[in-house]
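Enquirer: below: sequence and its predicted model.
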Amino acid sequence: MLSESEQNQLLQKLRTLHSDDEKQLEVVFSESKRLIVEAPAGYGKTKTMISKVAYLLATGQIAHPKKILALTFSVNAAYKIKKELSEHLPYLIQSINSNQLRINQNLFVSNYHGFCRHILKKYGYLLHSKLSNLDILKSVDDSRNEEITELLKISYDNALMFTKYSDAVKKVDKQYLSKFFHRYTDGIIERFLDKDYISFNGILALTLRLFHDYSEVLHFYRGYFPVIIVDEFQDTNVLSWALLKKLVANKTQLVFMGDSLQRIYGFIGAIPNLMLEAEQLFSMEQIVLEKNYRFMSNPQMLQLDKNIRLNAKKPDAPAIQTNAKIPFIFANNQLEEAKKITQQISCLLSYEDGQLYKIAILVKQRGVNIEKIIEVLIEKGISYFYALFGDDDPEYLLFHRECCSQFTAQLRKDIRISKVTLRKFYLKIEETFKHSSSPVIKSLLNLLEVFLSRVLSDYSFLSAEDKLILIRDTFDNRTLKQNMEYVSESVIISTIHGAKGLEWDYVLMPDMEQYSMPNWYGLCGACNHKSNCNLTVDSRNEKNFIEELSVFYVGVTRARKQVLFSASSTRFKANGTTQQANLSCMLKLPGITLVEQ
């Protein structure tokens, strides 16, 4: 416990660190046992979380050997937080002679799968002996019936039980998941583990089964983690939410941080309206962070962020007071648009102010229109990094599965994580795909090399076990794309979904037209305003509107400095023919004024 003078020193450090941001400091110093924090992109969420942890530790609220449990949706976010904590906590609480070891002793930071792996390696033997060696089990995607049938040598009907459960996770079908929970987990134990396999969903489900069958294990962890902090809470899926609710005891202190407007993973199971559900379930006090620090030096971007959020808050009549003026390129056709975008990129890459800028071109999906931009970039000799792959792209899935398989095979021979072993692993993957000319495979090899290098540099502070978990979770969660911030190319071409959680100096959002952003499946297919794209939001389309607005918002907030939109009066259809195009309804939102360049 700190002395009074030491507490005063810490309070002063925190006030200085947070520039007297009262909302951030309210989160840090709050005595409430149940907090839910709305933290939009650029509002200081990570800094606030680190200070909250520092305050809890420094004021003696975590008695040894208990720990704070910090969980997040993505692998990348978990290890970014862990890195930030390792760098900044010693400074904040150095007055009590803290060090790296002490911090690790009082904190457990992970994504949900990493956390479950940790538990199953310790206590999973109660369900099946092979769970003690979880790291050397081979991964199977239980959403793919053919893969399960082939690898496990079971019938199509038997495999269907696993794929239906995976589908229910994506659809947030709580009734189905509950009804078939024991059948599914029995199947994982009897069919998968007996043949040295494990599935992505199985890791979460078996941890839930362990807690269900062995209440003393659950009781231990409820006491072991008196404080639970969750980042990216809006992206939590139904199995992770069930796990989290299990861990919460009557006295558990909770801090959930997230942003409902950044929930763009509904298609893979992120629970709708989860922040409201949690707030009501646990009687949580809500705090909303109010200052956007990312765009503090750019009033127009600051206004754009505010106005998009106002549109989300009241879609039918947003309380807009001032329009945001945002640069916009308009062209007669896609080729002209591509040339204007390339010219804009050339200007940004000229480094006249001595800066080496990073630029992202972000689109809703891969297609003929973005390919035209790529053609012009090649023609002008501008190098770029190709990241137009989705989570369900066959090559993207294949590459991660091969990494899982090869890494598991290597662990069976040598469990060390060193420069030599990681290089050996990379060369095996490179050899496996040496005959592929696919731009997706080429990019993934690049990302793999960058990622393995970061394991030894950026994450050198991790223990050997944590490094191993980081690598396994990256492959299992299929998140190599989260390393594209660190590639050498200055220009990145990515989908918005692939770019979530990442940032660049400048973001260009082309093809801001009907059927591109939003696309047919988002809003355009069911819209009654196809002739002019002047969308009217009402009860029939509000849900789809918010989902598309969320994607738009995530794209905008990937920029550190400025976003630039572009569109053309004609666009390419999927079959290669052209058609007249209306300007996207996203650019006609109340509060946006386009300034043509």
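Expert: Thanks, I have the structure now. Numbers count the residues shown, from 1 in each chain.
Enquirer: can you map out the strands along the stretch 301-450 of the chain?
Expert: 324-331, 359-363, 385-387 (DSSP state E, counting those that start in this stretch).
Enquirer: what sits against R558?
Expert: Listed by C-beta atoms under 8 Å, 6 or more residues apart in numbering, the contact partners of R558 are 360, 362, 496, 499-500, 502-504, 507. Placement of C-beta: from N, CA and C, glycine included.
Enquirer: quick check: the gap between E548 and G525.
Expert: Between E548 and G525 the computed distance is 12 Å (C-beta to C-beta, to the nearest Å).
Enquirer: point out where the protein drops to low pLDDT.
Expert: Applying pLDDT under 70 to the chain picks out residues 1-3, 93-104, 351-354, 529-530.
Enquirer: what residues go with each domain of it?
Expert: 4-115+212-288, 117-210, 299-384+489-596, 394-476 (automatic domain parsing).
Enquirer: who's more crowded, E548 and G525?
Expert: E548 (24 against 12; other C-beta atoms under 10 Å).
Enquirer: show me what contacts that one?
Expert: Contacts of E548 (C-beta under 8 Å, 6+ apart): 517-518, 522-523, 586.
Enquirer: next, format the domains of the chain as TSV and append distance to N483.
Expert: What follows is the domains of the chain, written out as TSV (distance: least, C-beta to C-beta, whole Å):
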stretch	distance to N483
domain 4-115+212-288	8
domain 117-210	19
domain 299-384+489-596	9
domain 394-476	5
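Enquirer: so which of those domains comes closest to Q482?
Expert: domain 4-115+212-288 (3.7 Å; C-beta to C-beta).
Enquirer: how far does that closest one stretch from start to finish?
Expert: 30 Å (C-alpha to C-alpha, to the nearest Å).
Enquirer: same check, this time on stretch 480-493
Expert: The stretch stretch 480-493 measures 15 Å between its terminal residues, going by C-alpha to C-alpha.
Enquirer: helix, strand, or coil at H64?
Expert: Three-state call for H64 (DSSP: H, G, I helix; E, B strand; the rest coil): coil.
Enquirer: tally up the residues packed near it, please.
Expert: H64: 8 neighbours (other C-beta under 10 Å).
Enquirer: from Y224, how far off is it?
Expert: Distance of H64 to Y224, computed by C-beta to C-beta: 11 Å.
Enquirer: partners of the strand ranked longest in the chain in the sheet?
Expert: Counting residues, the longest strand found in the chain (DSSP state E) is strand 559-568. When sheet partners are counted by DSSP bridges, strand 559-568 sits next to strand 324-331 (parallel), strand 504-509 (parallel).
Enquirer: so who does L356 touch?
Expert: S490.
Enquirer: so what's the backbone phi/psi at it?
Expert: Main-chain torsions, L356, degrees, to the nearest 10: phi -100, psi 100.
Enquirer: with S463 instead?
Expert: phi -70, psi 170.
Enquirer: and it, how many neighbours?
Expert: For S463, the number of neighbouring residues by other C-beta under 10 Å comes to 10.
Enquirer: same thing with the one 3 residues further on?
Expert: Each residue near D466 was counted by other C-beta under 10 Å, and the total is 19.
Enquirer: you'd agree Q7 is up against Y55?
Expert: No: under the criterion of C-beta atoms under 8 Å, Q7 is not in contact with Y55, lying 9.7 Å apart.
Enquirer: more neighbours, the two?
Expert: Y55 (21 against 15).
Enquirer: check the offset of whichever helix or strand the more buried one is part of from the chain's centre.
Expert: Assigned by DSSP states H and E, Y55 belongs to helix 45-58. Relative to its chain's centre, helix 45-58 lies at 21 Å (C-alpha atoms, centre = their mean, to the nearest Å).
Enquirer: let's have the strands of the stretch 301-450 of the chain in TSV, adding distance to R478 and mean neighbour count.
Expert: Below are these laid out as TSV (distance: least, C-beta to C-beta, whole Å; neighbours: other C-beta atoms under 10 Å):
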stretch	distance to R478	mean neighbour count
strand 324-331	33	18
strand 359-363	19	25
strand 385-387	13	21
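Enquirer: got a winner among the contacts of R558 for most neighbours?
Expert: In terms of neighbours by other C-beta under 10 Å, these top out with L362 at 28 neighbours.
Enquirer: what about that one, distance to E371?
Expert: In this view, L362 and E371 are 15 Å apart by C-beta to C-beta.
Enquirer: how about the secondary structure of the closest residue in space to S155 that isn't next to it in sequence?
Expert: Once flanking residues are discounted, S155 sits nearest to T149: 7.2 Å by C-beta to C-beta, 6 or more residues apart in numbering. Following three-state DSSP, the label given to T149 is helix.
Enquirer: so T149 makes contact with Y156?
Expert: Yes: if you go by C-beta under 8 Å, T149 and Y156 touch, sitting 5.8 Å apart.
Enquirer: the more surrounded of those two?
Expert: T149 (18 against 11).
Enquirer: circling back: of the contacts of R558, which is the nearest to D213?
Expert: Nearest member of these to D213, counting by C-beta to C-beta, is K500, at 35.9 Å.
Enquirer: what's the nearest residue to that closest one once chain neighbours are set aside in contact with, if anything?
Expert: In space, and not counting its chain neighbours, K500 is closest to V554: 5.5 Å by C-beta to C-beta, 6+ apart. V554 makes contact with 41, 262, 264, 496, 499-500, according to C-beta under 8 Å, 6+ apart.
Enquirer: shouldn't V554 be within a helix?
Expert: Yes: looking at V554 with three-state DSSP, it is inside a helix.
Enquirer: distance of the residue nearest the centre of the chain relative to N311?
Expert: When C-alpha atoms, centre = their mean is applied to the chain, the residue found nearest the centroid is S74 (4.7 Å). In this structure, S74 and N311 are 26 Å apart, going by C-beta to C-beta.
Enquirer: just to revisit the earlier point, can you pull the contacts of the residue nearest to S155?
Expert: Neighbours of T149 in contact, by C-beta under 8 Å, 6+ apart: 155-156, 159.
Enquirer: burial count for T252?
Expert: T252: 17 neighbours (other C-beta under 10 Å).
Enquirer: I appreciate the help and will end here.
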